[in-house]
Structures are given as C-alpha cells and as structure tokens.
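Q: Just need the structure, nothing else, for what follows:
(one chain, ligands or ions: 1)
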Amino acid sequence: MNILAFDLGASGGKLFLADVGNGKASIQNIHRFDNVSYQINGSLYWDIINIYKEMNIGIKKAIELTDDHIDSFAIDSFSNDFAFIDEKGTLLTPVRCYRDKRTERHAAKIYGRLSKKQLYNLSGNQNALFNTYMQLAAMCEDGHRYILENAHKLLFIPDLLINFLTGKTISEYTLSSVSQMYDFKKDDWCQEILDSYSIPRSLFGTLTKPGTLLGHTQESYNKYMETKGFPVSVVCEHDTASAYLSSPVTSDCALMSCGTWALIGTELDSCVITEEGYRANLANEGGFKGHHRLLRNVMSSWFIQETKRYYKEHGQDYSFEELGRLAEAAKPFGFLFDPDESLFYEPGNMPVKIQQYCMDHYGARPESTGEIIRCIYESLAMKFRWTIEQLEHISQKPLPVINMMGGGAKASMLCQFTANAAGRKVIAGPDEATAIGNITVQLIATGAAATLNEAKDIMRPSYQTKEYTPQNSEEWNMHYEAFLKLSNDSEPASL
Ligand SMILES: C[C@H](O)[C@H](O)[C@@H](O)C(=O)CO
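A: Residues are numbered from 1 along each chain as shown. Prediction:
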C-alpha cells in the first residue's frame, strides 16, 4: 500500500511516500520546500497559500509515482497557529506566526484575567507567548474580537489543510491539547479558560483523536488536482506527538524531538500538574491513545538556522556541514549562554545577539563563525542537561538514556555534546521521526496494523540509529557549574 505523509516544520515542509508490504515499510522523501515567516507592518505571518501550493506539488508527485493510488494521506506540523474560515470554507484570515509580537505586547493584561498559575493548573500546558490562547486573547486586546464572534471555525494549520482537501472541520486532539485551552481531566475544552475572553466554544471543530480514518478528498479538490482522490487520515497532528511515537527505545528514557525547538521530555500515563512542574514550566501534552508527554521547550536548531540565515544575508552561504567543521576547529568553552533568554526568541541578527549577550555577561565575545557555532552547541547541551535533571526530579523517574530524534539527531556534534554534558548515553535517531510517527498512525487508521507495536515494527527497517557515549565528563561538569549561574529559570515562563 502507498501512504503519504506531509510534515510541516517552521523552517521547511517535506512529503514522504511509504511503500508498505510484507510487514515492512520503505520511505522516500518525494518533495521538500523552505518555510519562512514574513513581516508585514510589524506583524509576523506564515505564507499558508505557498504551503498549500507546495503540499499539492508533493501530492501530485505521489499521484504520479503511485499511478493515482494513494491509500492514505495525513498531515502534522508545529503547534499553536491557526486561521479562521466561514461556513463555506472561505479563508477569513492569514495565519500569524507564533513568534508574532502581539502576545508579548498584551501579556500583562492577559495574565491579569487568568494568572500564569491558574492557566497552568487548568490546562497543564506551559506558559508561553506562542500558545493559541495567548494569540486569541491578544486578538481581543487588539480589537479583533469581531473575527472570533463572526467566524465559523478556527482551524489549526493541519486541520485547515485537511479542510481544503475534504471540506471537513475538525480539531485534532494533540494540537487542541497544547492550545492552553484544553482540560486533560475532562478530555474536553476548558470552559473557564474560554470564558476568560468569551471565546466561543463553537469555533472549534469536531474533536478527533489520532488514528481516525476521516474520509475521502472532496470532488472540487479531485477535479482541481486531476486525481480520482484518496483517503485522508488523522494522525498525531502535533509534530512533537508524532516524533515521540517513533522512538525505538522501550525502557525509561528522556525523549528529545530536536528541530527548531528541542522538545525534551518523558512519557507518562497521564497529566502531572504540580507546583514544581509549574515552577519549571513543564508542559503536559497529549499524544496517541495512552501516551502523555511531560516536556519543556528549549530553542534549538533555531540558533543554527538563524545564524546561517544571517551570514547568508551578509554574503556567506555556509552549509550545515561547513558550520559544523568550523565549530569543531574552535576552542572549547569560550562562552556559554542561556538559550531560553527572550532576547533570542524573535527572528533576526542571531550572531549579533549572541555576541551582545556575551559582552553583557563576560565583557568579551565570540568573534569567528566557528566560535559562535561552538558556543551555541555547548550552551544547548548544557541546557538539555539542566532540563533532563528537572524532568527526572519532577517525574520521579530515572532517565538514564537520552533518545535524540528529528533533524538534530543528524548533528553529531550536538549529540556528542549532549552525551558529554548529561553524562548519559545518547541514542540518535530516527532523524525523520515526525514523518515516521505520522506514517505509524496512518498504518493503524487504515487497519494495516492492529496495534501500535505492530505499526512500529513495520516502520523499524526504514531508519537507523547511532549511539554516543559520554566523554570528558569532568571538564563538562566544571563548565556546567558556570552555566547554572547564567540560567534565569527558577521562575516560570521565560518566554
Ligand atoms: C511553538 C512550538 O512550535 C511548539 O511548542 C512545539 O511543540 C512544536 O510544535 C515544535 O515543532
């Protein structure tokens, strides 16, 4: 059978075609494109029309490769961002990027209605400026409440694209669960949070759990794409939930989905809302049936993506490999910074911001590209260690192994540094974790696999893993002490 997965990330989108037969899957990447946010009049937007266009280019390729025989298609993406549609499916708004400044502008007012602590206790989600609730509240503060009052539905990006394909309006569970408006205990929207800004409950689509075969593409889409059409499934549409599901490690471990963000956490049976979890700003996030994540967001490849972009704009188009080689040659432990500093949150001028931070803290700064990249990787590894220690303490669960998945699993320097800093074995892979998790759930939705374990066994031959053991522990421990002095994380919500 032919299964098609679309994985949309903050820096790019990819479509994977899986050929499944004889209890095995082989996957190929059939299309990829860049995804960037655009600033217009000080606001930040995604180009949703381009995303739709590129998704269709990938679908077209899959139609050709399979002789118009796609057995299932599903989408996952980063969380939180959305658009509104009317009853006819007309797009009423563009899609704002979660890094847009409007939530920061209104944060004090918003937290004046429901405090960070109340929001954490009700939703179990981390306090972060990017949350959907914060975006909706900021819209109201900006005088755009009329959109909430008049729109038919609010759809998260994957649900929006599904609507373009099928005409259906759903609110997928894993994305809903990280909106900061979901109540895990009731397994439903949290009325108290919605009431704080009179957010109409009717704005949300049919709550749909991952593993559901939703239906067929609609006639108008089939005609437009010149296809007989294909079934659309609902998977863990939140990419982190998809990535975690692909982990090959079966014992207790720290899981890290490493892309633009490193989502560092562990799987638990249910939601854990405690004072300590609130203080460490650990997020409770929903997953595939029976799976629940306790995790923290750490900005990760964002530093490398933004640094690479800065140099490109200034005439130096480094490849990731070149950046890695330059960092390798640079002197170790020149400078460390706290990746959670809000200074680094918005796009633009990343190397300059890092230099500025270092000047403020050390009175000196990394000068060369290699020094900057090395200080990024070392600082990230230190933050990863700090986060894993918090998780161990709060979940009361030893996490002796780290499974790094996603694009970051390909960055061998980052994997080795993480093992060194944390003093734990790192298992790196799968690097296409999100797509693998997406396809895994499609196997279940279509009935090709009866259980999650069966689906994971089918996917296992399609990827490899690599192990890293800790080195130079003493030196890393010494510098970790210095790193701890920089961290501003005793308070929740550094974002
Ligand atoms: C804001 C981030 O996108 C989100 O917290 C994270 O979970 C994600 O989806 C990373 O792709």
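Q: use CA for all of it now, contacts and neighbours both
A: Fine.
Q: Angles on the backbone of the residue most central in space within the chain, please.
A: Geometric centre of the chain, nearest residue: Phe78, 4.3 Å, by C-alpha atoms, centre = their mean. With angles defined as degrees, to the nearest 10, Phe78 sits at phi -60, psi 170.
Q: For it, which residues are in contact?
A: When contacts are counted by C-alpha atoms under 8 Å, 6 or more residues apart in numbering, Phe78 touches Leu8, Gly9, Ala10, His238, Asp239, Thr240.
Q: What confidence value was assigned to it?
A: Phe78 is assigned 98 on the pLDDT scale.
Q: cool, the one 4 residues further on as well?
A: Listed pLDDT for Phe82 reads 99.
Q: Leaving out sequence neighbours, find the closest residue to it.
A: Closest residue to Phe82 apart from its sequence neighbours, by C-alpha to C-alpha, 6 or more residues apart in numbering: Phe156 at 4.2 Å.
Q: And Asp34, by the same measure?
A: Gly12 (4.2 Å).
Q: element containing the residue in the stretch 351-495 of the chain that the ligand sits nearest to?
A: Per C-alpha to the nearest ligand atom, the residue of the stretch 351-495 of the chain with the smallest distance to the ligand is Thr434, at 9.5 Å. For Thr434, the element it lies in under DSSP states H and E is helix 433-445.
Q: Going by neighbour count, which residues of the helix or strand that that helix is followed by are buried?
A: Using DSSP H and E, the helix or strand that follows helix 433-445 in sequence is helix 452-459. Of the residues in helix 452-459, Leu452, Ala455, Lys456, Asp457, Ile458, Met459 count as buried by neighbour count, 16 or more other C-alpha atoms under 10 Å.
Q: With only the CA atoms kept, save helix 452-459 in CSV.
A: Taking Å, rounded to 0.1, in the frame of the first residue of the first chain, the C-alpha atoms of helix 452-459 are listed here in CSV:
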residue,chain,number,x,y,z
LEU,A,452,0.9,0.5,17.8
ASN,A,453,3.6,-2.1,18.4
GLU,A,454,2.8,-3.8,15.2
ALA,A,455,2.9,-0.5,13.3
LYS,A,456,6.3,0.4,14.9
ASP,A,457,7.7,-3.0,13.9
ILE,A,458,6.6,-2.3,10.3
MET,A,459,8.4,1.1,10.4
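Q: roughly how far is the helix of greatest length in the chain from the heart of the chain?
A: In the chain, taking DSSP state H as the definition, the longest helix is helix 369-395. For helix 369-395, the separation from the chain centroid amounts to 18 Å (computed by C-alpha atoms, centre = their mean, to the nearest Å).
Q: which secondary structure elements does it contact?
A: strand 261-268, strand 292-299, helix 301-313, helix 320-329, helix 412-422, helix 473-486 (3 or more C-alpha pairs under 8 Å, 6 or more residues apart in numbering; DSSP states H and E).
Q: how many degrees apart are it and strand 261-268 in direction?
A: 20 degrees (axes from the mean of the first three to the mean of the last three C-alpha atoms, to 10 degrees).
Q: for the helix or strand following helix 369-395, packing partners?
A: Of the helices and strands lying after helix 369-395 in sequence (DSSP H and E), the nearest is strand 401-405. In this structure, strand 401-405 makes packing contacts with strand 254-258, strand 425-428, judged by 3+ C-alpha pairs under 8 Å, 6+ apart.
Q: does the residue of the stretch 351-495 of the chain closest to the ligand really touch Gly406, like I thought?
A: Yes - counting by C-alpha atoms under 8 Å, Thr434 does reach Gly406; the two are 6.9 Å apart.
Q: what about those two, which has more around it?
A: Thr434 (33 against 25; other C-alpha atoms under 10 Å).
Q: who touches the more buried one in this structure?
A: Neighbours of Thr434 in contact, by C-alpha under 8 Å, 6+ apart: Asp7, Asp76, Asp239, Thr240, Ser242, Ala243, Tyr244, Ser246, Gly406.
Q: among the residues you listed, which are in reach of the ligand?
A: Asp239, Thr240 (C-alpha under 6 Å from any ligand atom).
Q: and which of the contacts of Thr434 is nearest Asp47?
A: Asp7 (15.7 Å; C-alpha to C-alpha).
Q: that's a strand at that closest one, yeah?
A: Yes - checked against DSSP: H, G, I helix; E, B strand; the rest coil, Asp7 lies within a strand.
Q: Now do the contacts for it.
A: Contacts of Asp7 (C-alpha under 8 Å, 6+ apart): Gly13, Lys14, Leu15, Ile75, Asp76, Ser77, Asp239, Thr434, Ala435.
Q: and which of these is nearest to Leu65?
A: Leu15 (12.8 Å).
Q: How much space separates the closest residue to Phe483 other than its chain neighbours from the ligand?
A: In this structure, Phe483 finds its nearest non-sequential neighbour in Leu336, 6.5 Å apart by C-alpha to C-alpha, 6+ apart. Separation of Leu336 from the ligand (C-alpha to the nearest ligand atom, to the nearest Å): 24 Å.
Q: Redo the helices and strands packed on strand 401-405 as CSV? Include distance to Glu341.
A: Below are these laid out as CSV (distance: least, C-alpha to C-alpha, whole Å):
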stretch, distance to Glu341
strand 254-258, 19
strand 425-428, 26
